[in-house]
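Undergrad: Got a predicted structure plus its sequence, pasted below:
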Amino acid sequence: MGYPGVWMTESEGLIYRVVPKCACSTIGQIMFFSDHGRFFDGDIHDSATGLHKWSQDHSKPAIENAVRHGNALAFTCVRNPYARILSSFFDKIAGIQRNGRRYRGNLVPQLAQQYGVDVGSLENGFAFDQIASFRRFLLFARDTIRWRKPMEPDIHWSSMSGHIGTFIANGGHYDRILFTETLNDGMAQILQSARTPVAVDLSRVPRFNESEGHGPKRAYPVSAYFDDLSRHLIWEIYKDDFQLFQYDFDNPDNKMPLGEIDLDEVHAKLGC
């Protein structure tokens, strides 16, 4: 199976397991800068040089060797599950992608037909009932994860533990797991430990979000989107994410983790 979703600096000091909707664009750009002293011109997901990626055949031997010998600092990053699934909805379902089109072509029309999801349009200023449409999308997301119908689950709303577990199951070991909510502090510790070729001033690093400004903004507090049924669905599909990564299920408006992550527990539970 290898190491899907893994990126590594060309200097081989940092290995990162990408988790979508968890600051992955910003983290990738920081890694790129730490080797080259500049940011990648464009979306870091589109880079074909300057950063090792498992999806690039020429990168696989280097990544395999680094994981096997434990030479690089390996890390990943997580985010509050409530905020993450909302971000997935507003970016991938309600938003327009950087190519000017809807995500995955016919996905939004399919959601409109089968689940009654309405996301408005650029022409009407993305006017729609955000709460009702999000809850219907959440039912769809649960169906894809639980029963893989009407499609396989998308990487942007698949569980974080599922993404993170593939690295462990194939012999990898995380040195750190960061919180998106305290990204600068976490990346500062990573960069201090890894001794990268180029120093990175994190206070000057912008947040890289290619979807920003291409869709509707969230109009309500996080808790407004989650009634009892929605919270039941969230627990059903993200129970491990809440428990392993210490997020507050009882208060959707509390985006901060309740405690530190137990790396031994993560490796034990996700390495099975």
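TA: Structure received.
Undergrad: Now do the top strand by length along the chain: distance to the chain's middle.
TA: For the chain, the strand that runs over the most residues, judged by DSSP state E, is strand 73-78. On the basis of Cα atoms, centre = their mean, to the nearest Å, strand 73-78 sits 12 Å off its chain's mean C-alpha point.
Undergrad: Can you name every helix or strand that that strand contacts?
TA: In terms of contact count using 3 or more Cβ pairs under 8 Å, 6 or more residues apart in numbering; DSSP states H and E, strand 73-78 is assigned the packing partners strand 14-17, helix 160-169, strand 176-179, helix 183-194. Any C-beta I mention is one placed from the backbone N, CA and C, and that applies to glycine too.
Undergrad: what comes up buried for the second one?
TA: It refers to helix 160-169. By neighbour count, and taking 16 or more other Cβ atoms under 10 Å as the criterion, the buried residues in helix 160-169 are Met160, Ser161, His163, Ile164, Gly165, Thr166, Phe167, Ile168.
Undergrad: May I have it as PDB, with CA atoms only?
TA: Presented in PDB, the C-alpha positions along helix 160-169 are these (Å, rounded to 0.1, in the frame of the first residue of the first chain):
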ATOM      1  CA  MET A 160      -8.900  12.100  10.100                       C
ATOM      2  CA  SER A 161      -8.100   8.900  11.900                       C
ATOM      3  CA  GLY A 162      -8.600   7.100   8.700                       C
ATOM      4  CA  HIS A 163      -6.100   9.200   6.900                       C
ATOM      5  CA  ILE A 164      -3.600   9.200   9.700                       C
ATOM      6  CA  GLY A 165      -3.900   5.500  10.300                       C
ATOM      7  CA  THR A 166      -2.600   4.500   6.900                       C
ATOM      8  CA  PHE A 167       0.900   5.800   7.700                       C
ATOM      9  CA  ILE A 168       1.000   3.800  11.000                       C
ATOM     10  CA  ALA A 169      -0.400   0.600   9.400                       C
END
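Undergrad: No further questions, thank you.
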